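1. this one's sequence-less:
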């Protein structure tokens, strides 16, 4: 049963070597996202300003989603002091109804400040219009 659940969740079981063999109770992540979560990741915060005359609309939202999905990082966007939206869905981003001139806060879970800064810089470019 444990093996079925582990495979269903995308986790492989680590079988013991030698002896009777079989499941030793350890679960090992197999995909990149789970592996990244086992490594030390930090949460970095950046601010971006929406300069596009239309605000955050379908094109920049789509570009942001594509960037986030390709990077496989956890990125959230929102107004300071309000609830944030995960940046892996264009509909979630557009539902924020962000207007021109608003300053947004990005949170990026990454392994380095440089990686988070690159993501923030690219998102700022998308919001220039």
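-> Looks like it came in fine. Values in this document were obtained by computation on a predicted structure and should not be read as measured data.

2. What does residue 77 show for phi and psi?
-> Main-chain torsions, residue 77, degrees, to the nearest 10: phi -130, psi 140.

3. Residue 89 too?
-> Per degrees, to the nearest 10, the backbone of residue 89 is at phi -140, psi 120.

4. So it sits against residue 65, correct?
-> Yes - between residue 89 and residue 65 there is a contact under Cβ atoms under 8 Å: 6.5 Å. (Each C-beta comes from the backbone N, C-alpha and C, glycine too.)

5. Among the two, which residue is more densely surrounded?
-> residue 65 (19 against 15; other Cβ atoms under 10 Å).

6. got the contact list for the more buried one?
-> Going by Cβ atoms under 8 Å, 6 or more residues apart in numbering, residue 65 touches 87-90, 93.

7. Weed out the non-buried ones from those residues.
-> 87-88, 90, 93 (16 or more other Cβ atoms under 10 Å).

8. can you list the weak-confidence ranges in this structure?
-> 1-39 (pLDDT under 70).

9. What are the structural domain limits within it?
-> Per automatic domain parsing, the structural domains of the chain span 2-38, 42-126.

10. in the sheet, who's paired with residue 42?
-> Following DSSP bridges, residue 42 is listed with bridge partners residue 110.

11. Quick check: the gap between it and residue 82.
-> Separation of residue 42 from residue 82 (Cβ to Cβ, to the nearest Å): 23 Å.

12. do the same with residue 95
-> Computed as Cβ to Cβ, the residue 95 to residue 82 distance reads 12 Å.

13. Repeat that for residue 64.
-> Taken as Cβ to Cβ, the span from residue 64 to residue 82 is 18 Å.

14. same check, this time on residue 88
-> Taken as Cβ to Cβ, the span from residue 88 to residue 82 is 19 Å.

15. Ok, residue 70 next?
-> 27 Å.

16. Around residue 124, count how many other residues there are.
-> 17.

17. And it, how far from residue 40?
-> Residue 124 is 26 Å from residue 40, by Cβ to Cβ.

18. mind listing the strands for the chain?
-> 11-15, 23-29, 42-49, 74-78, 85-86, 103-110 (DSSP state E).

19. Between strand 103-110 and the fourth one, find me the angle.
-> Angle, strand 74-78 to strand 103-110, by axes from the mean of the first three to the mean of the last three Cα atoms, to 10 degrees: 170 degrees.
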